[in-house]
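Asks: give the three-dimensional model of this entry:
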Amino acid sequence: MKCKTVVLIFGFLLEMSLSFASGQGVPSPRGPFAKTWDEAYARMTPFQGVRQPGTDPSTLNGKVICGYQGWFLAEGDGSGAGWVHYGPHNFQPGVCTVDLWPDMSEASPEECYPTPFHFADGSTATLFSSYNAKTVNRHFKWMADYGIDGVFLQRFATELRSPDGYDHLNAILDNVRQGANANGRTWAVMYDLSGLQQGEIDSVVIEDWKRLVDRMQVTKDPSYQKQNGKPVVTIWGVGFNEDRKYTLDECAKLIDFLKNDPKYGGNCVMLGLPYGWREQNRDAVKDPKLHDVILKADIVSPWAVGRYHTIDQFDESFGDYPQADLAWCQQNKLDYMPVIFPGFRWHNLMKYRGESPPYADIDRLKGEFFKVQGEGLIAGGVNMLYVAMFDEIDEGTAIFKCTNNPPVGASDFGTFDGMPTDTYLRMAGEFSKELKTAGK
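Replies: From the prediction side, this is the model:
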């Protein structure tokens with residue numbers, strides 16, 4: 001029996017070593033997504049580790065914070081969900097939803113999940129899974145290496161409706177807080193309300209925040225981002241003119257809860273708003289209640305992605321939007337956190353949907369488009385920046401390392417135009433240094 005056990009163990013280790021050598025990503029020890037609410041709730045536990053020294057979590061002033069999707073899943077990652085946010089279950093050349101291909105050269109073999117795609121030399125192209133804690137930690141190490149302060153973790157409210165979706169988001173939250181603490185970065189929850197129906201802010205979002213506080217004790221996490229001594233919670237999707245089913249009154253109730261509830265309140269609330277929020281034009285609803293709702297919050301963050309397509313358009317709108325927004329916020333004693341983005345590309349997702357992109361690509365101009373936004377806003381007096389996004393390869397706004405030599409074949413991928421794969425990480429880190437210097 002002992003000999004048989006030794007042989008089995010040796011065989012298992014040999015199989016694992018061979019899979020690593022071929023780039024066969026391994027399943028997460030967490031196992032498949034929860035199938036019941038009881039199972040999902042049982043997995044919600046407080047952070048147990050120790051925070052490493054790093055960026056100061058007590059303030060947003062002087063910080064560059066990136067949006068972090070964390071929604072990428074891969075076949076073989078242990079979640080049981082297959083390919084998620086890379087494409088549908090029949091993910092293959094010509095059937096995918098991402099426009100940039102991550103640079104996997106630094107990933108360990110156990111992080112590299114093989115795909116049906118191939119590079120020009122015939123080798124198999126691999127992808128990462130956000131379900132793999134080692135990969136998320138690597139992302140936070142990059143943030144630390146380049147001086148990026150932390151992330152707003154996207155918590156997609158529609159996924160909170162089912163136990164498997166709920167457990168998915170909690171698994172990513174686990175990985176993010178581990179990565180943030182291990183690398184001295186910060187993180188905070190950003191609720192994306194997109195897709196919610198009327199009444200669900202109360203039944204879905206408010207109930208979720210209670211569980212995050214009670215079961216995961218997120219606001220006690222030593223890396224959780226604060227502002228003015230209060231944990232930051234962002235509500236993204238307030239006041240857009242897209243026929244959203246939830247109301248401004250519901251948004252106001254959520255803000256009141258997060259700020260004033262005797263047990264679950266005491267938070268600093270940031271609102272992700274339409275670009276035309278102040279004048280109630282462009283992408284914003286025209287409703288006098290909108291400003292009343294905004295004045296209940298603490299931080300204003302207008303969504304800039306796609307609102308200008310060129311450097312000239314950014315420059316032309318600077319006085320009418322970010323500069324006037326900042327003045328309004330200062331007058332009303334609100335913090336202002338504008339959004340910058342490196343470019344935009346939406347070919348493969350639109351092709352999969354059988355639609356045409358709503359507008360043309362927004363050219364990165366080898367980093368110049370990103371640079372002009374960051375430096376212009378800092379020179380204009382802002383003291384914090386939100387970068388969209390760290391890992392958003394579906395819409396081609398990612399700043400993390402992406403390859404200039406993507407797979408070939410039926411799907412058309414963008415690149416960083418031959419620039420080093422760390423170009424945008426380095427630039428975001430420079431913005432952080434400039435903000436901290438300007439604040440002294």
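
Asks: got the phi/psi numbers for the closest residue to T59 other than its chain neighbours?
Replies: Computed as Cβ to Cβ, 6 or more residues apart in numbering, the closest residue to T59 that is not its neighbour in sequence is Q227, at 6.0 Å. Any C-beta I mention is one placed from the backbone N, CA and C, and that applies to glycine too. Backbone geometry at Q227, expressed as degrees, to the nearest 10, gives phi -140, psi 130.

Asks: is Q227 in a bridge, and if so with what?
Replies: K230 (DSSP bridges).

Asks: you'd agree it is up against I299?
Replies: Yes: at 6.9 Å, Q227 counts as touching I299 under the criterion of Cβ atoms under 8 Å.

Asks: what do these two both touch?
Replies: L60, C268, D335 (Cβ atoms under 8 Å, 6 or more residues apart in numbering).

Asks: give me the number of residues near the first one?
Replies: Just to be clear, that refers to L60. 28 (other Cβ atoms under 10 Å).

Asks: and it, what element?
Replies: Secondary structure assigned from DSSP states H and E places L60 in neither a helix nor a strand.

Asks: next one: the one 4 residues further on
Replies: Following DSSP H and E, one finds V64 within strand 63-68.

Asks: geometrically speaking, which residue is the centre of this structure?
Replies: By Cα atoms, centre = their mean, the chain has its centre lying nearest to Y68, at 1.7 Å.

Asks: which SS class is the closest residue to it other than its chain neighbours?
Replies: What sits nearest to Y68 in space, not counting adjacent residues and going by Cβ to Cβ, 6+ apart, is V151, at 3.8 Å. Classification of V151 using DSSP: H, G, I helix; E, B strand; the rest coil returns strand.

Asks: the strand holding V64: what's the following helix or strand?
Replies: Taking DSSP H and E, what comes next after strand 63-68 is strand 113-118.

Asks: which other helices and strands contact that following strand?
Replies: strand 124-127 (3 or more Cβ pairs under 8 Å, 6 or more residues apart in numbering; DSSP states H and E).

Asks: and the strand it packs on, what's its mean pLDDT?
Replies: Mean per-residue pLDDT for strand 124-127: 98.

Asks: excluding residues flanking it in the chain, which one is nearest Q330?
Replies: Once flanking residues are discounted, Q330 sits nearest to Y336: 7.6 Å by Cβ to Cβ, 6+ apart.

Asks: the one you found - how many residues pack around it?
Replies: Using other Cβ under 10 Å, the number of residues around Y336 comes to 20.

Asks: I'd guessed it sits against C329; true?
Replies: Yes: Y336 lies in contact with C329 (Cβ under 8 Å); the separation is 4.1 Å.

Asks: now the common contact residues for those two.
Replies: V300.

Asks: distance of the residue nearest to the centre of the chain from L365?
Replies: According to Cβ to Cβ, to the nearest Å, Y68 stands 25 Å off from L365.

Asks: before we move on, what about D312?
Replies: 11 Å.

Asks: of the two, which one has the most company?
Replies: Between D312 and L365, L365 has the larger neighbour count (other Cβ under 10 Å), namely 15 against 10.

Asks: from what I see, that one and I311 are in contact.
Replies: Yes: L365 is within contact range of I311, at 7.2 Å (criterion: Cβ under 8 Å).

Asks: in this protein, what spans have low per-residue confidence?
Replies: 1-23, 358-359, 440 (pLDDT under 70).

Asks: got the residue ranges for the helices in it?
Replies: Per DSSP state H, the chain carries helices over the ranges 2-21, 37-42, 133-146, 163-182, 200, 207-211, 248-260, 289-296, 311-317, 324-331, 347-353, 368-379, 423-438.

Asks: hang on, the earlier thing: I'd like the shared contacts of Q227 and I299 as CSV, with distance to W101 appended.
Replies: Compiled in CSV, the shared contacts of Q227 and I299 are given as follows (distance: Cβ to Cβ, whole Å):
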residue, distance to W101
L60, 32
C268, 37
D335, 36
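
Asks: which of those sits closest to M216?
Replies: C268 (18.7 Å; Cβ to Cβ).
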